[in-house]
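Participant: Quick one, structure for this:
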Amino acid sequence: MRGDRIRGSDDPLRKALSSRNKSLVQAILNAHICSPDDEHFDEAFEWGDTSIVADLTFTRPPSSLGPETLWNLCLRCMQDDNTGFFRNFAESFADRRSLSECLEGAVRMEHSEMVCFLLDIGANPFTNEVLKAALTGHKEMLHLLFDKTRPRRAIPKCIGADVISSVMNESLDSPQALEALMETRAVNLIATEKIEREIYAATPLGSALVSLLEFPGKDPWMVRMLLTAGSDPNGVAKRFDFSIVESYTGLMMALETNRREIVQLLIDSGADVNLKPRFALKWTPLQYAAKLGHLDMVRMLLEQGAEVSAEPATRSGGTALQFAAISGNCNIANELLANGALLGALPSRVEGRWPLEGAAEHGRLEMIEFLWTEAIAKGGSDVVHGFERRHCLRAMNFARQNGHLGCRDLISDLSGISVDRLDIEDYGAPWLAYSESSYPLSPSDENTFFPISGGEGVGDDNDYDMTGSDGDYDSDSTSSSDYDD
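Facilitator: Sure thing, here's the model as predicted:
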């Protein structure tokens, strides 16, 4: 039920929130079991733990919340005298129309600090509801609402990414228009906003990075200006609102350009090359670079200290090596292994793939041979963890399900496991990459591994040469396209 609404007593996220179980809430969000809705936010507001509200916000943008839910947060922050948290939360809103109900409530509660903040960021004091609230027993608030001498402590962040995107498209080589907008201090650098005629939402930084993809040789002056103005290189820069939200940081988008100077610009501005997958953010920068198939970006991140076998997301993620195996890119796999990547690093537990499985599932014959040779060369416990009998069976089954019979037969030959065993042995559910009980198979096969150094089909006659005259792996043989089995 990934990403679907789960209602009533079957809603695990609501149960975790109502029981005040922080670790369980985070585990559910990481596993993408369901997307937070307004009722989940209301439960979190009632809990009063601002870190949990922040976690929900990272998974679902605040701009999608209804006015009543925003008011519930405003009320809780006033009760706790925590206007600062509401201020940070409200910065993520591109639409200010939901603020009037909050202003009405703040007037009725005579919370001067919240009233002033809401006025500063654009709440309308002229609605009937606000005026009635001020005139009915709260006349001191009436003076505050219309006090022209009151110093403004915040500027409404009313200029969103869609306007910035239009300005950038009209002035590709001229910074004057964007500079003028930035000088107003009204540009919202945090909120992701739906871009006209696009299927994604972005921040101004995200829009600038998208433009660099559309115009590959373009100078990144817009990115530089937005980072200088305070755009967060580790924050969400682009977002897709599918059944499960997918988010991308500025550094991840810079990696898509495959340009070192742009990636360096983000890193110099504080981008974390080891930012961990979290909720809607599904990859580390290195994992994403490997997924994209950009060898130079992989090398650059490794040079900058990226962790080569960083832990993947709970669901549908993978290590950098696992993504290289899935794409069939032996050049990237070789680079990662040379920098200490582990064949046996755990994949995502749910819907994850070990390297051999990912290669077989996507028809990567050369990658299977490459991984096998590397496993033999490395030996030791890494081989055991990376190529258990269960992994070979799962890999053969994934290949069979996707019509890659050449991959199925290759693994059978290399491991000495007959294809007939696929319909006899128990190698677990396809969606579960591993279990806590050390991968039990049938009683006779538990903890039995294939003979990697002497299996049928492994020997000098099966050696292969994937190098060119300079000794580097031949990129022509490592295409990310499916091989025809």
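
Participant: Could you use CA atoms for every contact and neighbour count after this?
Facilitator: OK.

Participant: lowest average confidence, helix or strand, in the chain?
Facilitator: Every helix and strand of the chain was ranked by mean pLDDT, DSSP states H and E. The lowest is helix 380-386, at a mean of 44.

Participant: so after that helix, what's the next helix or strand?
Facilitator: Sequence order places helix 389-401 as the next helix or strand after helix 380-386, per DSSP states H and E.

Participant: just the helices in the stretch 201-350 of the chain please.
Facilitator: 204-214, 221-229, 250-257, 260-268, 285-292, 295-303, 320-327, 330-338 (DSSP state H, counting those that start in this stretch).

Participant: looking at those, which is closest to Leu432?
Facilitator: helix 320-327 (15.5 Å; CA to CA).

Participant: Give the rounded mean pLDDT of the closest one.
Facilitator: Mean per-residue pLDDT for helix 320-327: 97.

Participant: okay, it in CSV with CA atoms only?
Facilitator: This file holds the C-alpha atoms of helix 320-327, laid out as CSV (Å, rounded to 0.1, in the frame of the first residue of the first chain):
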residue,chain,number,x,y,z
ALA,A,320,26.2,3.4,-4.9
LEU,A,321,27.6,0.0,-6.0
GLN,A,322,24.1,-1.5,-6.1
PHE,A,323,22.9,1.3,-8.4
ALA,A,324,26.0,0.8,-10.6
ALA,A,325,25.1,-2.9,-10.8
ILE,A,326,21.5,-2.1,-11.7
SER,A,327,22.6,0.3,-14.5
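
Participant: still on that earlier bit, highest average neighbour count across the helices of the stretch 201-350 of the chain?
Facilitator: helix 320-327 (a mean of 30; mean count of other CA atoms under 10 Å).

Participant: Which secondary structure elements does that one sit against?
Facilitator: Under the contact definition 3 or more CA pairs under 8 Å, 6 or more residues apart in numbering; DSSP states H and E, helix 320-327 sits against helix 285-292, helix 330-338, helix 355-361.

Participant: give me that answer again for 10 Å
Facilitator: For helix 320-327, the elements it packs on are helix 285-292, helix 330-338, helix 355-361, helix 365-378, judged by 3 or more CA pairs under 10 Å, 6 or more residues apart in numbering; DSSP states H and E.

Participant: low pLDDT regions in the stretch 101-250 of the chain?
Facilitator: Residues of the stretch 101-250 of the chain meeting the criterion pLDDT under 70: 152-156, 170-173, 243.

Participant: List the buried residues in stretch 69-85.
Facilitator: Residues 69-78, 82-83 are the ones in stretch 69-85 that count as buried (16 or more other CA atoms under 10 Å).

Participant: And stretch 185-198, by the same measure?
Facilitator: Of the residues in stretch 185-198, 185-195 count as buried by neighbour count, 16+ other CA under 10 Å.

Participant: How about stretch 420-437?
Facilitator: Using 16+ other CA under 10 Å as the test for burial, stretch 420-437 gives 422, 426-428, 433-434.

Participant: Which single one of the residues you listed is nearest to Thr257?
Facilitator: The closest of these to Thr257 turns out to be Ala433 (CA to CA; 32.1 Å).

Participant: Please convert the buried residues of stretch 185-198 to CSV, extending it with secondary structure and distance to Thr319.
Facilitator: Shown next, in CSV, are the buried residues of stretch 185-198 (DSSP: H, G, I helix; E, B strand; the rest coil; distance: CA to CA, whole Å):
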residue, secondary structure, distance to Thr319
Arg185, coil, 40
Ala186, coil, 40
Val187, strand, 37
Asn188, coil, 34
Leu189, coil, 31
Ile190, coil, 29
Ala191, coil, 30
Thr192, coil, 28
Glu193, strand, 31
Lys194, strand, 31
Ile195, coil, 32
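
Participant: would you list the residues you listed in TSV and tack on distance to Met168?
Facilitator: Shown next, in TSV, are these (distance: CA to CA, whole Å):
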residue	distance to Met168
Arg185	17
Ala186	17
Val187	14
Asn188	15
Leu189	15
Ile190	18
Ala191	18
Thr192	17
Glu193	15
Lys194	16
Ile195	13
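
Participant: Pro312 versus the residue positioned nearest the centre of the chain, what's the distance?
Facilitator: In the chain, the centroid-proximal residue (CA atoms, centre = their mean) is Leu281; its distance is 1.6 Å. Applying CA to CA, to the nearest Å, the value for Leu281 to Pro312 is 11 Å.

Participant: likewise Phe240?
Facilitator: For Phe240 relative to Pro312 (CA to CA), the value is 20 Å.

Participant: which of those two has more neighbours?
Facilitator: Counted by other CA atoms under 10 Å, Phe240 and Pro312 do not tie: Pro312 has more neighbours, with 25 against 16.

Participant: For the residue nearest to the centre of the chain, which residues are in contact?
Facilitator: Residues near Leu281 by CA atoms under 10 Å, 6 or more residues apart in numbering: 30, 58-59, 235-236, 239, 245-249, 275, 313.

Participant: and which of the residues you listed is nearest to Glu361?
Facilitator: For these, the closest approach to Glu361 (CA to CA) belongs to Ala313, at 19.8 Å.

Participant: Going along the chain, name the strands of this protein.
Facilitator: In the chain, strands defined by DSSP state E lie at 193-194, 201-202, 236-241, 245-249, listed in chain order.
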